[in-house]
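Asks: Sequence below, structure please.
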Amino acid sequence: MKIHEYQAKRLFRQFGIPAPTGSICKTQKDITRHLKQMQMPVVVKAQILAGGRGKGGGVILARTMAKAQKSAETILGMQLITKQTGDAGTTVKTILLEQGVSLAKELYLSMLVDREHEDIVIIASRSGGMDIETVARENPDHIIKVHINPLLGLQSYQVRELIAGLELSPLLAGEFTEILKKLYTLFTHYDCSLVEINPLGITKEDTIIALDAKMDLDSNSLFRHPDILAMYDSDEEDALETAASAHGLNYIRLNGTIGSMVNGAGLAMATMDLIKQAGVEPANFLDVGGGADAEMVENGFRIIVSDTNVRAIFINIFGGILRCDILAEGVVAAAGKMELSLPVIVRMEGTNVEQGRRILAESHLNLINAENLKHAAELLAAI
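Replies: Sure thing, here's the model as predicted:
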């Protein structure tokens, strides 16, 4: 689960990590009211759960009250398009007005779970304020990586390695050490998969401050963190994904035209490969799970057909815990109840597969039995 910058900075301050003060605005009245209480310059920041906001026009430094007012009014409500939002963009419903800071230098700092090494890796760079991928490509010697054994925690020699790599002065080394320790405590306390500060600013007064904040937390740990769960912003999520979650379905919306319904995450991924190999594109990832019933199948259908891009549905089921005949009965009941007009291709294997195919064939609905995966691919290619 991702949280907004202003929410992450609130947590930063709670853990003693310095971050600029700011005000949240959701209306034009909020903008006018808060700006009256601020000194120039002011940074106006769109609050969406995507990176690249500055390049998309969602972050503006205003040195006058008039510029701040105009910038805030422009950004609030805009359709902000970045590399991470896709072409559709995201509507900005909240902005952050933040006091400007006089900077001497910008650094990069992040912590994330490294699944390959089964540890936590700290990535830092003395080239902050730009895409870390660009830094890694153009100036790889500017990237410092330190791997932390989570059983041992952050060690003093690892902190010194980062200080040396960032070329920090003795005056800043102590302050950086304290910030790094507090950030690691926050990271582990909240079961984070990512915490990123870009830029981590060094002010002209020789202090360090977090000018940006990104946090991504393991959704499976939210039962331990009700304060984080309360920060969930459903407006930032895809409406169909939110609806699917409410029904206990594992659904991710994609950009294709073939809706899919599968039992098992691995089979779902293989099914998307099959759809692409057939020359068409998957519209979603949908895993109904091994214990799906008629109600879950019906809810899955509703989610899939709510996507107006979908031209056909492909059901790929291995009958184990969920027998093929039970699945077929659920598909027939749901399709009949919803009066589906889209073609539905069903490939089943496993327990009671013949009974399942017979139920589909005798339904007199637009349900097409695929004999095997090859046949399913041929049917998909013909759509």
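
Asks: Every contact and neighbour count from this point should use C-alpha atoms.
Replies: Noted.

Asks: Is there a neighbour count for Lys337? I'd like the number.
Replies: Other residues near Lys337 number 10, with proximity taken as other Cα atoms under 10 Å.

Asks: Which elements pack onto whichever strand or helix holds it?
Replies: Assigned by DSSP states H and E, Lys337 belongs to helix 324-338. Applying 3 or more Cα pairs under 8 Å, 6 or more residues apart in numbering; DSSP states H and E, we find helix 324-338 packed against helix 294-305, strand 344-350, helix 353-361.

Asks: Give the partner strands of the shortest one in its sheet and their orientations.
Replies: Spelled out, that is strand 344-350. The strands beside strand 344-350 in its sheet (DSSP bridges) come out as strand 312-319 (parallel), strand 367-370 (parallel).

Asks: List the buried residues in the first one.
Replies: Read that as strand 312-319. For strand 312-319, the buried set under the neighbour-count rule, 16 or more other Cα atoms under 10 Å, comprises Ala312, Ile313, Phe314, Ile315, Asn316, Ile317, Phe318, Gly319.

Asks: again with stretch 252-266
Replies: Neighbour counts using 16+ other Cα under 10 Å place Ile252, Arg253, Gly256, Thr257, Ile258, Gly259, Ser260, Met261, Val262, Asn263, Gly264 of stretch 252-266 among the buried residues.

Asks: Of those residues, which belong to strands?
Replies: Among the buried residues of stretch 252-266, DSSP state E puts Ile252, Arg253, Ile258, Gly259, Ser260, Met261, Val262 in strands.

Asks: Redo these as TSV? Include pLDDT and distance to Ile60.
Replies: Converted to TSV, those look like this (pLDDT from 0 to 100; distance: Cα to Cα, whole Å):
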residue	pLDDT	distance to Ile60
Ile252	89	33
Arg253	88	32
Ile258	94	41
Gly259	94	40
Ser260	92	42
Met261	90	44
Val262	89	45
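
Asks: Let's have the residues you listed in CSV, adding distance to Glu175.
Replies: Below are these laid out as CSV (distance: Cα to Cα, whole Å):
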residue, distance to Glu175
Ile252, 42
Arg253, 44
Ile258, 54
Gly259, 53
Ser260, 52
Met261, 53
Val262, 52
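
Asks: Out of those, which comes closest to His225?
Replies: Nearest to His225 out of those is Ile252 (Cα to Cα; 24.1 Å).

Asks: out of the buried residues of stretch 252-266, which one sits closest to Ala72?
Replies: Among the buried residues of stretch 252-266, and counting by Cα to Cα, the member closest to Ala72 is Arg253, at 31.5 Å.

Asks: Next up, the contacts around the spatially closest residue to that closest one that is not a sequence neighbour.
Replies: Leaving aside its sequence neighbours, Arg253 sits nearest to Asn284 (Cα to Cα, 6 or more residues apart in numbering; 4.5 Å). Contacts for Asn284 (Cα atoms under 8 Å, 6 or more residues apart in numbering) come out as Tyr251, Ile252, Arg253, Leu254, Asn255, Gly256, Ile258, Gly259, Ser260, Ile304.

Asks: quick one, longest helix in this structure?
Replies: Identified as the longest helix of the chain according to DSSP state H is helix 170-189.

Asks: and that helix, how far out from the chain's middle?
Replies: Here helix 170-189 shows a centroid-to-chain-centroid distance of 26 Å under the convention Cα atoms, centre = their mean, to the nearest Å.

Asks: Would you indicate which residues of that helix are buried?
Replies: Neighbour counts over helix 170-189 (16+ other Cα under 10 Å) mark Ala173, Phe176, Thr177, Ile179, Leu180, Lys181, Leu183, Tyr184, Leu186, Phe187 as buried.

Asks: Run through this structure and note the low-pLDDT ranges.
Replies: 290-294, 321 (pLDDT under 70).
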